[in-house]
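Asker: coordinates for the following, if possible.
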Amino acid sequence: MTENTYVLAIDQGTTSSRAIVFDHSGKIVGIGQQEFPQIFPNPGWVEHNPIDIWDSVRAVVGLALADAEINRHQLAAVGITNQRETAVVWDKNTGEPVYNAIVWQDTRTSQIIRELAGDKGMDRYRDICGLGLSTYFSGPKVKWILDNVPGARERAERGDLYFGNMDTWVLWNLTGGTNGGVHITDVTNASRTMLMDVRTLQWREDICADFGIPTSMLPEIRSSSEVYGHGRKEGLLIDTPIAGILGDQQAATFGQACFQRGMAKNTYGTGCFMLMNTGDEPVFSENGLLTTVCYKIGDQPTKYALEGSIAVTGSLVQWLRDNLKMIESAPEIEELAATVEDNGGVYFVPAFSGLFAPYWRDDARGAIVGLTRYNNRGHIARAVLEATAFQTREVLDAMNADSGVNLAELRVDGGMTHNETLMQFQADILGVDVVAPVVAETTALGAAYAAGIAVGFWQGEEDVIANWQEGHRWTPQLPQDEVDRQYRLWKKAVTRTFDWVDDDVK
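Answerer: This next block holds a predicted model:
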């Protein structure tokens, strides 16, 4: 490859799409980003218009190439990373979605979940797919669309409809759409549907039958690093190899070079997601974690992970900005939190979509507790930040218990790592060093690495390790008795959110 050759990563996230151009050292040389509308038709419902998402992807690719001052001829490959579990169903003949994409945060499938559990319980499929029954995953969302959109089930059974997470939707459109687009997903995204056997990496026809999902809708499952197809004949990426796909959290794990068993990272985005590499064999959690595929490079052995998923972290700051109008921009929350010395006894449990790991309670709803007349906006802001750190501590406790290994340090990435107050409190409440890399965009970087490895731009994991550099380290400073006191009160606050949703509460 020549010196002026780059790799482009498309990062299709929950609130925005981004495209980032990386050079061989993993340095960012160009970036484009565009937000798209969030749709909330009912309490607990979250949707995206798939056309908005595809339009945003096309726009940010152009912005990134312009920012880098390059064109497609200087790209070795394109990688895709994406918000996982967000499900879209579309007509393969017209390219038109039959309904909006149902987002991973959406809770409308709670009744479907209970019906599927029946007398077999929420862990009915856990030993097959690594996941407990939850509104979080794609499969129940597809069932909801087929059950509730007029004519959708008949069209699906005729073989006219495709399903995919956002990686599949973006790839299909990138490679031609109705004119030869490839209908493919990778093992990491497939492992988030509840429809794939986590050991064999194949769709399970019996689970699909239970869900009422025709297997003709499902994309072909491939590795995370291989050439799936090439850019469509019109657009900015003509004939460019599309060669890597990783769900966003697995991409961040890869970009953080967590290749050894027992290494873990935490990504702070819309939600918060901690993954620990468990090696060549899936580890099934006894403490509320998910068993997921970490990555699979070509024909190399599959790597697995334990994951702790937290639904609301960065989006809580967004909520404070957009719904309560307490701040005008997200970075202002740190300045507001710094106006007080501590949280003033206030704890904010953001169970807006129920509670994810380690509780998995879709009957929970958000609560602010401990309020007195002493409290002000600063205490609320500080409680918002601390909620992310407390939830991460709960996931780490579960991870330590499942793995039998106490982490020595936690690698972190994502937008909230720029918040010094949060990162210091995170180290304090975990009791371990928290380490951020020089390049914080590890999600996009991981997808770029997967694509670049597939075409020989990078040689393999050793190049990723060589490129990774420590950028900042936070070391615990809070006395242990104060850590214990605050964590005890947090756990008490969490219990106040349980059992809020009754049959007559939406």
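Asker: what sits against the closest residue to Ala450 other than its chain neighbours?
Answerer: Nearest non-adjacent residue to Ala450, counting by C-beta to C-beta, 6 or more residues apart in numbering: Gly244, 3.1 Å away. For every residue, glycine as well, the C-beta is placed using N, CA and C. By C-beta atoms under 8 Å, 6 or more residues apart in numbering, the contact set of Gly244 is 77-80, 224-225, 447-454.
Asker: reformat those as JSON lines; add pLDDT, distance to Gln33 and neighbour count.
Answerer: As requested, the contacts of Gly244 are exported to JSON lines (pLDDT from 0 to 100; distance: C-beta to C-beta, whole Å; neighbours: other C-beta atoms under 10 Å):
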{"residue": "Ala77", "pLDDT": "96", "distance to Gln33": "21", "neighbour count": "26"}
{"residue": "Val78", "pLDDT": "97", "distance to Gln33": "17", "neighbour count": "28"}
{"residue": "Gly79", "pLDDT": "97", "distance to Gln33": "17", "neighbour count": "31"}
{"residue": "Ile80", "pLDDT": "97", "distance to Gln33": "16", "neighbour count": "30"}
{"residue": "Ser224", "pLDDT": "97", "distance to Gln33": "24", "neighbour count": "34"}
{"residue": "Ser225", "pLDDT": "97", "distance to Gln33": "25", "neighbour count": "28"}
{"residue": "Ala447", "pLDDT": "97", "distance to Gln33": "15", "neighbour count": "37"}
{"residue": "Ala448", "pLDDT": "97", "distance to Gln33": "16", "neighbour count": "35"}
{"residue": "Tyr449", "pLDDT": "96", "distance to Gln33": "20", "neighbour count": "33"}
{"residue": "Ala450", "pLDDT": "97", "distance to Gln33": "21", "neighbour count": "35"}
{"residue": "Ala451", "pLDDT": "97", "distance to Gln33": "19", "neighbour count": "35"}
{"residue": "Gly452", "pLDDT": "96", "distance to Gln33": "21", "neighbour count": "29"}
{"residue": "Ile453", "pLDDT": "96", "distance to Gln33": "25", "neighbour count": "26"}
{"residue": "Ala454", "pLDDT": "96", "distance to Gln33": "25", "neighbour count": "24"}
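Asker: just the ones of the residues you listed in strands?
Answerer: The strands, defined by DSSP state E, take in 77-80, 225 from the contacts of Gly244.
Asker: redo those as JSON lines? Include distance to Val283.
Answerer: Output for these, formatted as JSON lines (distance: C-beta to C-beta, whole Å):
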{"residue": "Ala77", "distance to Val283": "32"}
{"residue": "Val78", "distance to Val283": "32"}
{"residue": "Gly79", "distance to Val283": "27"}
{"residue": "Ile80", "distance to Val283": "27"}
{"residue": "Ser225", "distance to Val283": "23"}
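Asker: and which of those residues is nearest to Leu324?
Answerer: Nearest to Leu324 among the ones in strands among the contacts of Gly244 is Ile80, at 34.6 Å by C-beta to C-beta.
Asker: give the buried residues for the helix or strand where Asp428 lies.
Answerer: Assessed by DSSP states H and E, Asp428 sits inside helix 420-430. Residues 421-430 are the ones in helix 420-430 that count as buried (16 or more other C-beta atoms under 10 Å).
Asker: if we can go back for a sec, which of the ones in strands among the contacts of Gly244 sit farthest apart?
Answerer: The largest separation in those, counting by C-beta to C-beta, is between Val78 and Ser225 at 12.5 Å.
Asker: which neighbours do those two have in common?
Answerer: 243-244, 451.
Asker: quick check, Met416 in a helix?
Answerer: Yes. Met416 forms part of a helix when assessed by DSSP: H, G, I helix; E, B strand; the rest coil.
Asker: show me what contacts it?
Answerer: Counting by C-beta under 8 Å, 6+ apart, Met416 has contacts 268-269, 313-314, 317, 388, 422.
Asker: could you list the buried residues of stretch 143-158?
Answerer: Of the residues in stretch 143-158, 143-146, 149, 152-153, 155-156 count as buried by neighbour count, 16+ other C-beta under 10 Å.
Asker: can you give me phi and psi for Val21?
Answerer: With angles defined as degrees, to the nearest 10, Val21 sits at phi -100, psi 130.
Asker: any idea how far Tyr6 is from it?
Answerer: Remark: distance between Val21 and Tyr6 (C-beta to C-beta, to the nearest Å) = 5 Å.
Asker: joint contacts of those two?
Answerer: Overlap of the contact sets of Val21 and Tyr6 (by C-beta under 8 Å, 6+ apart) consists of 29, 68, 70, 75.
Asker: now tabulate those in CSV and tack on secondary structure and pLDDT.
Answerer: As requested, these are exported to CSV (DSSP: H, G, I helix; E, B strand; the rest coil; pLDDT from 0 to 100):
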residue, secondary structure, pLDDT
Val29, strand, 95
Ala68, helix, 94
Ile70, coil, 93
Leu75, strand, 95
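Asker: list the residues that contact the nearest residue to Thr178 once chain neighbours are set aside.
Answerer: In this structure, Thr178 finds its nearest non-sequential neighbour in Gly95, 4.9 Å apart by C-beta to C-beta, 6+ apart. Applying C-beta under 8 Å, 6+ apart, we find Gly95 in contact with 173, 177-178.
Asker: most neighbours among those, which one?
Answerer: Sorting these by how many neighbours each has (other C-beta atoms under 10 Å) puts Asn173 first, at 21 neighbours.
Asker: and the pLDDT for Asp499?
Answerer: The model reports Asp499 with a pLDDT of 87.
Asker: what's the burial count for the closest residue to it other than its chain neighbours?
Answerer: Nearest residue to Asp499, sequence neighbours excluded (C-beta to C-beta, 6+ apart): Asp363, at 5.5 Å. Look at Asp363: counted by other C-beta under 10 Å, it has 16 neighbours.
Asker: and the closest residue to Val369 other than its chain neighbours, which of the three is it?
Answerer: Counting by C-beta to C-beta, 6+ apart, the nearest residue to Val369 once its immediate chain neighbours are dropped is Ala493, at 4.7 Å. Secondary structure for Ala493, judged by three-state DSSP, is helix.
Asker: my read: Ala493 touches Val349, true?
Answerer: Yes. The pair Ala493 and Val349 passes the contact test of C-beta atoms under 8 Å, sitting 5.2 Å apart.
Asker: common neighbours of the two, please.
Answerer: Here Ala493 and Val349 have 367, 369 as joint contacts, going by C-beta under 8 Å, 6+ apart.
Asker: and those two? which has more neighbours close in?
Answerer: Neighbour count, other C-beta under 10 Å: between Ala493 and Val349, Val349 has more, with 23 against 20.
Asker: tell me what the longest helix belonging to the chain is packed against?
Answerer: Longest helix of the chain, by residue count under DSSP state H: helix 377-403. Applying 3 or more C-beta pairs under 8 Å, 6 or more residues apart in numbering; DSSP states H and E, one finds that helix 377-403 contacts strand 264-268, strand 272-279, strand 303-310, helix 314-322, helix 332-337, strand 347-349, helix 420-430, helix 480-495.
Asker: flag every buried residue along the fifth one.
Answerer: It refers to helix 332-337. The neighbour-count check on helix 332-337 (16+ other C-beta under 10 Å) flags 333-334, 336-337 as buried.
Asker: who touches it?
Answerer: 317, 320-321, 326-327, 377-378, 381-382, 384-385, 419-422.
Asker: out of those residues, which end up buried?
Answerer: Among these, those buried by neighbour count (16+ other C-beta under 10 Å) are 317, 320-321, 326-327, 378, 381-382, 384-385, 419, 421-422.
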